[in-house]
Every structure is written in structure tokens, then in C-alpha cells.
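Colleague: my questions concern the predicted model and sequence given below.
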Amino acid sequence: MSDKNRQGKRTARERLAEEREKQKSVEKRRRVLIVGASVVCVLGLAAVIGVVAANTGKDDGSKSAGPVVVPSGALGKDGLAIPVGRESAKSTLTVWEDFRCPACKAFETVYRPTIHELTDSGQLKAEYHLATIIDGNAGGTGSRNAANAAACAQDVGKFTAYHDVLYDNQPAETDDGYAENSKLIELAGKVDGLDTPAFRTCVEKGTHSSWVEKSAAAFRKGGFRGTPTVLLDGRNIYQDQTMTPAKLKQLVQQADNG
């Protein structure tokens, strides 16, 4: 065999060895990336679990001594749902909310006009359930007291208007402004006919506080991830990233047209 041929074979073997080393290096990097990505996914899941745990905090442990007084017209199991809209509507929007919750206010800001339009036209029935998770997470009693005041407003048919006023004037999450009954009564002045002696007494005595606590317990037992939780005929639309007010309206109208 000539020196030229031997040199050619050595060169080919060297190239093959180099290629194998490159492949090993690529495979090693690939494994590192896979492991790294797995770690990121696990850390991401842990972060999500942490957020979920933070958003589903328990109440602050305070207990009201009074009996459970269900607001006028409340429906559902144990009378924990405050209905808005026509009972005969083909679609039902179930909303779990906390008046101290910034995300609840954000949902309200975007979807309120559409929800009002659909409930006012009789195409949608909304059922509101009141939770108090911010009291448990940040401390205080503003979630509970605001929910009690909203239930007092329900007693005289002013729930929707007062509900909207509470979100329009929501304090910062770390500011337990709704713990003050005087603030809740002051805001009632923004709703025609709500600021009455009966309403004030209901707010100051916490007439519906035990009912609020029962609603908050139902929220925890329901396994919900946080507020707001929004269900359209049982389907969680708040978790649907494609959902918009226009799409919600379309879904409700399609159901209404049968």
C-alpha cells in the first residue's frame, strides 16, 4: 500500500473520530438541555403551586357569634348564591369573588358592561358567591365586611349597584379599608335609596357575617384555585386565555337561540 493511500486512510479515520466526538458533544449538550428544561418545568410548577396556595388562603380565623342569616332572594345550596338576571335564562354565569381582590376588579372592569347587557336582556343569569381569601392572606376583615354589606344591599334589591360601587372604589390590596363599616356606609350613598337606617344597622351588626363565612368555607371546600373563579354553565372561562367579552356574548346568545 502506498504512503499516499495510508495517509488517506488515516485522514478518513481521523475525520470519523472527530465526527464521533462531535456527536458525543452534541448528545451531551442535548441531555443537559433536557435536564435543565425539566428542572425549569418543576420549578415553574412549584411556583404555580405557590401562587395557588397564596390565592386560596383561609380566613383570618375570626368567627361571628350570630346565626346564619341568608340574604333575601339568595338561591342554591344553603342559599349561598346571589342571583342577578332572569331565572329562565338558558345560560348561567357563576362568579366566586372577593371585594378586596385586585384580579376580581380587573375582571369586572373588562366584563361588566357585557354581563350587565346580557343579564338585563334576560339572556344570562349570574350567580355571585362571596369569598374572603384576601382577609386570610393579607390579614384583616375587609373582605368579610364588604361581603356582609353587599348582602345587606341584596336585602333591599340593591346588590348589583352596590357591588359595582365596591369595585369602583376598591382600596389597595394591602389597605384593609373595607374593614371600616363607616367606609362601607359612605359608599352606600352612591347608590340611590340604599343608605337607610335598616342598611346601616345590617352593616354595623354584621347581620350576614356568618353567612359570608359559610360562603367562604364553601369556596375552600370547592377546590377552586383563586378569585375570581368564573364558570359559564360549569365551564371555567376565566382560565380560557381565548375568552373575551365578545366571545362570552357570542356563547350566551348561541345558547339563547337554542
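Modeller: Structure received. Every value quoted in this text rests on a predicted model; they were computed, and no experiment measured them. Numbers count the residues shown, from 1 in each chain.
Colleague: helix or strand for the residue nearest to residue 115 when sequence neighbours are not counted, which one?
Modeller: Nearest-residue entry for residue 115: residue 126, 6.2 Å, with adjacent residues in sequence omitted and distances by CB to CB, 6 or more residues apart in numbering. Just so you know, the C-beta spots here come from the backbone N, C-alpha and C atoms, and that holds for glycine as well. Using DSSP states H and E, residue 126 sits within strand 124-130.
Colleague: what lines up beside that strand in the sheet?
Modeller: Its sheet considered, strand 124-130 pairs with strand 82-84 (antiparallel), strand 91-97 (parallel) by DSSP bridges.
Colleague: residues in contact with the shortest one?
Modeller: Put plainly, it is strand 82-84. Outside of strand 82-84, the residues within contact range by CB atoms under 8 Å, 6 or more residues apart in numbering are 71, 73-75, 119, 125-130, 150-151, 154, 159-160.
Colleague: which of those residues are buried?
Modeller: Buried by 16 or more other CB atoms under 10 Å: 71, 74, 119, 125-130, 150-151, 154, 159-160, out of the contacts of strand 82-84.
Colleague: let me know the closest of these to residue 178.
Modeller: residue 150 (10.2 Å; CB to CB).
Colleague: name the SS class of the closest one, please.
Modeller: Following DSSP: H, G, I helix; E, B strand; the rest coil, we place residue 150 in the helix state.
Colleague: wait, it sits on residue 165?
Modeller: No - using CB atoms under 8 Å, residue 150 makes no contact with residue 165, being 9.7 Å away.
Colleague: which residues in the stretch 1-150 of the chain form helices?
Modeller: In the stretch 1-150 of the chain, the helices defined using DSSP state H, counting those that start in this stretch lie at 3-55, 102-120, 133-138, 142-155.
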